[in-house]
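Participant: what shape does this take:
(one chain, ligands or ions: 1)
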Amino acid sequence: MFYEPRLRNHGLPHDPFKALVAPRPIGWISTLSKEGAPNLAPYSFFNAFSDRPPIVGFSSAGMKDSALNARDTGEFVCNIVLKSDTGAMNQSSAAYPHGVSEFEKAGLTMEASSRVKAPRVKGVAAALECRLTDIVPMRGLDGAGTYVLVLGEVVGVYVDDAFIKGGRIDSAAMNHLARLGYMEYAAVENVFSLERPEA
Ligand SMILES: Cc1cc2nc3c(=O)[nH]c(=O)nc-3n(C[C@H](O)[C@H](O)[C@H](O)COP(=O)(O)O)c2cc1C
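Facilitator: This is a model prediction of the structure:
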């Protein structure tokens, strides 16, 4: 098949775009509002874009609370989501009103970060403490768009020591959770190594 997204001529019940750009890691974004209210929500338009400096970002369909809080406070934390976090992560995605703590609603506890005021989720395998660098509007060829890409430099990295083995992150033990299309998810359960070829 072939289709042009702008024409929505895929002929399928749902646009397959997100099922094709998959798996996508999930950034479980914790922030504080400017009044200090905690907020937590998952974002799968999430990734790392540079490692020197380390830059990560999430893309928000409009200025949702996570983006608003990142803009207002200049900080956000990306909690790394494992398969074991699935239930709580999903619960925290419900559309609670601004100021309601998804930590509370999802039965989660906050833990202080080291370099930013926004807390991380207690018990996560890892968390990236970020200071906002840019908020970039996502525009199409016609100049229109509703998403904003929220970018930040990672200024602190928390890792649960249980996931460090032989001086390396134990990816096989982590079972990262990832988003596919529709309501589908995948967990990383098959890890292998591959050396780069010589030119
Ligand atoms: C796994 C998962 C991934 C999501 N990814 C995104 C995303 O990339 N962008 C987005 O705008 N919403 C995404 N959502 C929906 C938000 O989590 C949801 O709208 C949430 O209520 C936003 O919370 P906030 O307003 O507190 O930031 C996702 C939801 C789930 C369950």
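Participant: per-residue confidence averaged over stretch 102-122?
Facilitator: Here stretch 102-122 scores 96 as its mean pLDDT.
Participant: with stretch 7-20 instead?
Facilitator: 96.
Participant: what's the helix or strand for the spatially closest residue to residue 29 that is not a sequence neighbour?
Facilitator: In this structure, residue 29 finds its nearest non-sequential neighbour in residue 66, 4.5 Å apart by CB to CB, 6 or more residues apart in numbering. Every C-beta, even on glycine, is put in place using the N, C-alpha and C of the backbone. If you go by DSSP states H and E, residue 66 is part of helix 65-73.
Participant: give the buried residues for the worst-scoring helix or strand of the chain on mean pLDDT.
Facilitator: One helix or strand of the chain scores below all others by mean pLDDT, DSSP states H and E: helix 102-105, with a mean of 92. Neighbour counts over helix 102-105 (16 or more other CB atoms under 10 Å) mark 102, 103 as buried.
Participant: now do it: which elements does it pack against?
Facilitator: strand 38-43 (3 or more CB pairs under 8 Å, 6 or more residues apart in numbering; DSSP states H and E).
Participant: now the strand it packs on against helix 65-73, angle please.
Facilitator: 130 degrees (axes from the mean of the first three to the mean of the last three CA atoms, to 10 degrees).
Participant: could I get the CA-only coordinates of the helix or strand just after strand 38-43 as PDB?
Facilitator: Per DSSP H and E, the first helix or strand lying C-terminal to strand 38-43 is strand 46-51. Below are the C-alpha coordinates for strand 46-51, written out as PDB (Å, rounded to 0.1, in the frame of the first residue of the first chain):
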ATOM      1  CA  PHE A  46      10.100  11.000  23.400                       C
ATOM      2  CA  ASN A  47      13.700  10.400  22.700                       C
ATOM      3  CA  ALA A  48      17.300  11.500  23.100                       C
ATOM      4  CA  PHE A  49      18.700  13.600  20.300                       C
ATOM      5  CA  SER A  50      22.200  14.300  21.300                       C
ATOM      6  CA  ASP A  51      24.700  12.900  23.900                       C
END
